[in-house]
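> Quick one, fold the following:
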Amino acid sequence: MNIEDAIYRGYLAWSPSPSTTNLDVWVDDHVPMAGTLMIEGATIAFSAILEPTEAVSVWIYAELNPAEVAFLGDHVFEDVHDADDYLNSVFSSRPVAYATTRDYRIRQFSLCDLKGRSPVKGALDFLRMVSDALTLMAPKSSDGSVVAKSSEVEQIDVEAEKFKRLVSA
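Residues are numbered from 1 along each chain as shown. The predicted structure follows:
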């Protein structure tokens, strides 16, 4: 399955497709923040990157292989850090899809190959790409400069700054 084809704009981050089934939430604060779900027979791991908010949040998705699905069928994580470590190893070892959300609904998404980078570094690159794309579409003055950034671009830029501080820490 192409993970990017399984994500739809307008759907909730923890239910990114009209064919989402078998939601298994591992971490739930005020919304499902990490776990697995199924789309068309494929098991997908998902996670919010940082604390999700209604304004702008970033989510990551990756398809699990049969051995990983079997492992998770019997495994109980000791704590949230154990689950995070497992998900980070999954996400950094294969192509993933990132999505931005507003009100927890998917707005933009794209496939990314982390090539051993951390999910946070990949999220920063993804947010920069989204910000650049939205800025290109922004209204321009007669000289071609952006008249004003949309509130969505400003929120994405704020979120990118959070990721930038994490990456450089």
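
> Find the residue at the geometric middle of this structure.
Centroid check for the chain by Cα atoms, centre = their mean gives W59 as the closest residue, at 1.8 Å.

> elements contacting the helix or strand where it lies?
Using DSSP states H and E, W59 falls within strand 57-63. If you count contacts as 3 or more Cβ pairs under 8 Å, 6 or more residues apart in numbering; DSSP states H and E, strand 57-63 packs onto strand 42-49, helix 80-91, strand 95-102, helix 119-136, helix 151-168. C-beta: built from backbone N, CA, C; applies to glycine.

> Export the ones you listed to TSV and append columns for mean pLDDT.
Formatted as TSV, those follow (pLDDT from 0 to 100):
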stretch	mean pLDDT
strand 42-49	95
helix 80-91	91
strand 95-102	93
helix 119-136	82
helix 151-168	69
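
> and these as CSV, adding distance to A70?
Output for the helices and strands packed on strand 57-63, formatted as CSV (distance: least, Cβ to Cβ, whole Å):
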stretch, distance to A70
strand 42-49, 10
helix 80-91, 14
strand 95-102, 21
helix 119-136, 23
helix 151-168, 33
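
> quick one: which of those is nearest R9?
strand 95-102 (8.8 Å; Cβ to Cβ).

> Not counting its own residues, what contacts that closest one?
3-4, 6-7, 13, 16, 52, 54-62, 106-114, 119, 122-123, 126-127, 130, 152, 155-156, 159 (Cβ atoms under 8 Å, 6 or more residues apart in numbering).

> among those residues, which ones are buried?
Among the contacts of strand 95-102, the ones that count as buried by 16 or more other Cβ atoms under 10 Å are 3-4, 6-7, 13, 16, 52, 56-62, 106-110, 112, 114, 119, 122-123, 126-127, 130, 152, 155-156, 159.

> Next one: E159 from P32, what distance?
Distance, E159 to P32, by Cβ to Cβ, to the nearest Å: 19 Å.

> separation between the nearest residue in space to Y98 that is not next to it in sequence and W59?
Excluding its sequence neighbours, the residue lying closest to Y98 (Cβ to Cβ, 6 or more residues apart in numbering) is F126, at 4.1 Å. From F126 across to W59, the span is 10 Å (Cβ to Cβ).

> and the residue nearest to the centre of the chain, bridged to which residues?
Counting by DSSP bridges, W59 forms beta bridges with A48, A99.

> any idea how far it is from G41?
21 Å.

> State the number of residues packed around the nearest residue to K162 once chain neighbours are set aside.
The shortest distance from K162 to any non-neighbouring residue, by Cβ to Cβ, 6+ apart, is to L50 (6.3 Å). L50 has 14 neighbours, counted by other Cβ atoms under 10 Å.

> Thanks a lot, see you next time.
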